[in-house]
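> Provide a 3D model corresponding to the input given below.
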Amino acid sequence: MVQAQATAKYIRTSAQKAGLVLELIRGVDVNGALATLRFSRKKVARDIEKVLQSAIANAQQAEGFGGDVDRLFVKTAFADQGPSMKRVRPAPMGRAFQVRKRTAHLTVQVEERPAKKIGATGGAAPTTRRARAAKSQAIEQAKGQE
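Predicted coordinates for the structure are as follows:
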């Protein structure tokens with residue numbers, strides 16, 4: 001399993017705003033994540049899309065990569081707080097207010113999903129509770145008919 005990550009530093013947005021968009025793509029396959037970012041209305045989504053593209057390119061260059069980009073998914077995605085630029089804004093009666101222009105460090109890590117293994121049943125194991133229940137009922141019925 002190949003892992004790769006990419007980081008963009010000093011992006012002019014707050015880590016909290018970036019975290020809202022990163023939450024949308026965490027755990028999603030890379031094609032779905034790129035589509036989500038492409039149609040997101042948040043400005044920071046463009047920067048996150050660049051970071052994700054870079055992480056995908058890093059994974060393709062990694063040793064041991066299977067060659068199938070469709071098997072990549074976003075393992076982790078987070079935003080750390082960067083340094084804040086402090087500026088002064090004039091206020092009434094000769095006072096001054098401090099304005100903090102925040103920055104963030106965006107990190108996206110992608111990982112390759114393992115290839116699906118075909119078991120003795122001839123297919124992948126059922127993943128949902130309903131599918132497992134249906135499979136166990138079918139096995140019990142087959143035993144009852146013997």
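> and residue 59, its phi and psi?
Torsion angles at residue 59 (phi, psi; degrees, to the nearest 10) stand at phi -70, psi -40.
> where's the spatially most central residue of the chain relative to residue 109, distance?
Centroid-nearest residue in the chain, with C-alpha atoms, centre = their mean: residue 26, separated by 3.1 Å. To residue 109, residue 26 is 10 Å away according to C-beta to C-beta, to the nearest Å. Backbone N, C-alpha and C define where each C-beta goes, glycine included.
> overlap in contacts, the two.
Residues touching both residue 26 and residue 109 by C-beta atoms under 8 Å, 6 or more residues apart in numbering: 74, 76, 77.
> scan these and report the most crowded one.
With neighbours defined as other C-beta atoms under 10 Å, the most crowded of those is residue 77; it has 26 neighbours.
> tell me the mean pLDDT for the helix or strand encompassing it?
Element membership for residue 77, per DSSP states H and E: strand 72-81. In this model, strand 72-81 carries a mean pLDDT of 96.
> what helices or strands is that strand leaning on?
In terms of contacts (3 or more C-beta pairs under 8 Å, 6 or more residues apart in numbering; DSSP states H and E), strand 72-81 is packed against helix 15-25, helix 30-38, helix 44-61, strand 104-112.
> run the last query once more with 7 Å
helix 15-25, helix 30-38, strand 104-112 (3 or more C-beta pairs under 7 Å, 6 or more residues apart in numbering; DSSP states H and E).
> how about TSV for these, with distance to residue 145, mean pLDDT and mean neighbour count added?
Shown next, in TSV, are the helices and strands packed on strand 72-81 (distance: least, C-beta to C-beta, whole Å; pLDDT from 0 to 100; neighbours: other C-beta atoms under 10 Å):
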stretch	distance to residue 145	mean pLDDT	mean neighbour count
helix 15-25	48	96	18
helix 30-38	43	96	17
strand 104-112	43	96	22
